[in-house]
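> Would you be able to build a 3D model of this:
(one chain, ligands or ions: 2)
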Amino acid sequence: MAEIFQNLPKVKYEGADSKNPLAFKYYDPDRVILGKTMREHLPFAMAWWHNLCASGSDMFGAGTSDKRFGAEPGTMEHAKAKVDAGFEFMQKLGIEYFCFHDIDLVPEAATIQETNARLDEITDYILEKMKGTQIKCLWGTANMFSNPRFMNGAGSSNSVDVFCHAAAQIKKALDCTVKLGGRGYVFWGGREGYETLLNTDVKFEQENIAQLMKMAVSYGRSIGFTGDFYIEPKPKEPMKHQYDFDASTAIGFLRQYGLDKDFKMNIEANHATLAGHSFQHDLRISAINGMLGSVDANQGDLLLGWDTDEFPFDVYETTLCMYEILKAGGLTGGLNFDAKNRRPSNTHEDMFQAFVLGMDSFALGLIKAAALIEDGRIDNFVKERYASYEGSDIGKKIRAGSATLAECAAIAAQNGAPASPGSGKQEYLEAVMNQILFGRA
Ligand code: XUL
Ligand code: CO
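Ligands and ions are numbered 1, 2, ... in the order given. Predicted coordinates for the structure are as follows:
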């Protein structure tokens, strides 16, 4: 097999003093942090779509980067060249997982049968490539948003024919995910929403989305899929309003329709910020509900109102993300770089450097999150902040769910005006964060 990324070496850990742009400064896969190796803490994944398919085109101009990998786009030869490129890329970066949509793998054909035959061929090819490597599938999904048939949604479409087409795609994408040993299966409802309520029956649409998910669970389990299904919340873009607005909304939806045992969240940083939350917020909401499954690890630009899918460089954010993940006991999924190079960063070397940046940002975030936990000042402060509950009989009863309103009222009357609940000490805690992050200057 001819080398595709010639002159781009295997990326190694060289340490924080290295100035080699193609070396890791912080990601040292075998380094042990809080009892596990960095490799175990950080199951990094490559997104097939951004890394191997997207050439940087936008609504104002054509692509700027060459993703032909020596073959003509739109052919099966190109589909295989992308597999070759992807595997060489992952092996050179030491990435152990990949994520895909059905039509990232092969060009869609005129009929379902023909597209499925192409998917059979390419997944055979991928399976062959996986042999003798550490590379595994993190999750698969069906693209139910690009083709014009999905203009009014997939599960939420007004057309039953479109609904059935979506079902066919999910069925095959699940087959492919199971064949490749995927840990998870994602639903991102890009077109599951509305532009105007004037033409939309929200209840009808949400019930249909739930039905489609139930069918997927029942089919997936019938073919031996034991992993998690994920909802990836996003509030808007491409639709004006998307039903899976944020983690809270998606969790409520799953519970309403009895899907919460089979589904978890796939939280994407830039989706959380589009919903007006921090990344940490949606991670925390998922974790406290036992539904933090996987993460799409990217970063948005808060000056822009859309999904920029940047490679993460903000270590404050990666630290808070890894803090949530460590506190939740780790991920059953992984950290998928649903991220793309900026359009002017258009060389193959830029693809490598983007992953070096992303992986190092998360490695540093992990190191710093572990340091925050070991330092203990933040945890102790939070524990102390709620101590009045543990420290009183009525507090214990409230926590146990056995107190009544009348009892609380009697205690309030007996105690008189409450003492100050105490300072929130936000500035002190932010200073602790900075001290842990930057240490000695
Ligand atoms: C879109 C997005 C998707 C999902 C998979 O914003 O994040 O790429 O991750 O469909
Ligand atoms: Co995503």
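> switch to C-alpha atoms for all contacts and neighbour counts from now on
OK.
> Rounded mean pLDDT for the helix ranked longest in the chain, please.
Across the chain, the longest stretch assigned as helix under DSSP state H is helix 348-375. Mean per-residue pLDDT for helix 348-375: 98.
> Alpha carbons only: can I get the helix or strand just after it in PDB?
Using DSSP states H and E, the helix or strand that follows helix 348-375 towards the C-terminus is helix 377-385. Only the C-alpha atoms of helix 377-385 are listed here, as PDB (Å, rounded to 0.1, in the frame of the first residue of the first chain):
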ATOM      1  CA  ARG A 377     -10.100  22.800  47.500                       C
ATOM      2  CA  ILE A 378     -13.000  23.000  45.100                       C
ATOM      3  CA  ASP A 379     -14.500  19.700  46.100                       C
ATOM      4  CA  ASN A 380     -14.200  20.600  49.800                       C
ATOM      5  CA  PHE A 381     -15.700  23.900  49.300                       C
ATOM      6  CA  VAL A 382     -18.800  22.500  47.500                       C
ATOM      7  CA  LYS A 383     -19.200  19.800  50.200                       C
ATOM      8  CA  GLU A 384     -18.900  22.400  52.900                       C
ATOM      9  CA  ARG A 385     -21.400  24.700  51.100                       C
END
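> who touches whichever helix or strand comes after helix 377-385?
Moving toward the C-terminus from helix 377-385, the first helix or strand encountered (DSSP H and E) is helix 387-390. With Cα atoms under 8 Å, 6 or more residues apart in numbering as the test, helix 387-390 has contacts from Gly395, Lys396, Ile398, Arg399.
> before we move on, which element is the third one in?
Looking back up the chat, that one is Ile398. Per DSSP H and E: helix 393-400 holds Ile398.
> on contacts alone, who are the packing partners of the helix or strand just after that helix?
On the C-terminal side of helix 393-400, the closest following helix or strand by DSSP H and E is helix 405-415. Using 3 or more Cα pairs under 8 Å, 6 or more residues apart in numbering; DSSP states H and E as the contact test, no helix or strand touches helix 405-415.
> circling back: report the buried residues of the helix holding Ile398.
Of all the residues in helix 393-400, those buried under the rule 16 or more other Cα atoms under 10 Å are Ile394, Gly395, Ile398.
> and what of stretch 160-175?
Val162, Phe163, His165, Ala166, Ala167, Gln169, Ile170, Lys171, Lys172, Ala173, Leu174, Asp175.
> Next: stretch 11-30.
Val11, Lys12, Glu14, Leu22, Ala23, Phe24, Lys25, Tyr26, Tyr27, Asp28, Pro29.
> Run through the bridge partners of the fifth one.
Beta-bridge pairing of Ala23 under DSSP bridges involves Lys12.
> what does the model give it for pLDDT?
Ala23 is given a pLDDT of 98.
> what's the distance between it and Trp306?
31 Å (Cα to Cα, to the nearest Å).
> quick revisit: helices or strands up against the longest helix of the chain?
Applying 3+ Cα pairs under 8 Å, 6+ apart, one finds that helix 348-375 makes contact with strand 23-24, helix 76-93, helix 315-327, helix 426-438.
> now the third one, how far from the centre of its chain.
Chain-centre distance of helix 315-327: 14 Å, with Cα atoms, centre = their mean, to the nearest Å.
> Run me through the strand neighbours of the very next helix or strand once past that helix, direction for each.
Downstream of helix 315-327, the first helix or strand assigned by DSSP H and E is strand 335-337. Paired with strand 335-337 in the same sheet, following DSSP bridges, are strand 44-47 (parallel), strand 292-296 (parallel).
> Would you mind giving these as TSV with distance to Ala247 and mean neighbour count added?
Below are those laid out as TSV (distance: least, Cα to Cα, whole Å; neighbours: other Cα atoms under 10 Å):
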stretch	distance to Ala247	mean neighbour count
strand 44-47	22	26
strand 292-296	10	26
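> which stretch among the ones you listed comes nearest Cys137?
Closest to Cys137 of the strands paired with strand 335-337, according to Cα to Cα: strand 44-47, at 8.4 Å.
> now that closest one, how far from the centre of its chain.
10 Å.
> hmm, who's touching it?
90, 95-100, 138, 334-339, 359.
> Stretch 219-236 too?
By Cα under 8 Å, 6+ apart, stretch 219-236 touches 171, 174-175, 178, 182-190, 217, 241-247, 250, 262-268, 271-272, 274-275, 293-294.
> so of these, which ones are in strands?
184-187, 241-242, 263-268, 293-294 (DSSP state E).
> These: which two are farthest apart?
Most distant of the ones in strands among the contacts of stretch 219-236, by Cα to Cα, are Gly184 and His241, 25.7 Å apart.
> who has more neighbours, the two?
With neighbours defined as other Cα atoms under 10 Å, Gly184 and His241 compare such that Gly184 has more, 28 against 19.
> ok, the more buried one to Arg385 distance?
38 Å.
> where does the stretch 201-350 of the chain have low pLDDT?
Counting by pLDDT under 70, not a single residue of the stretch 201-350 of the chain qualifies.
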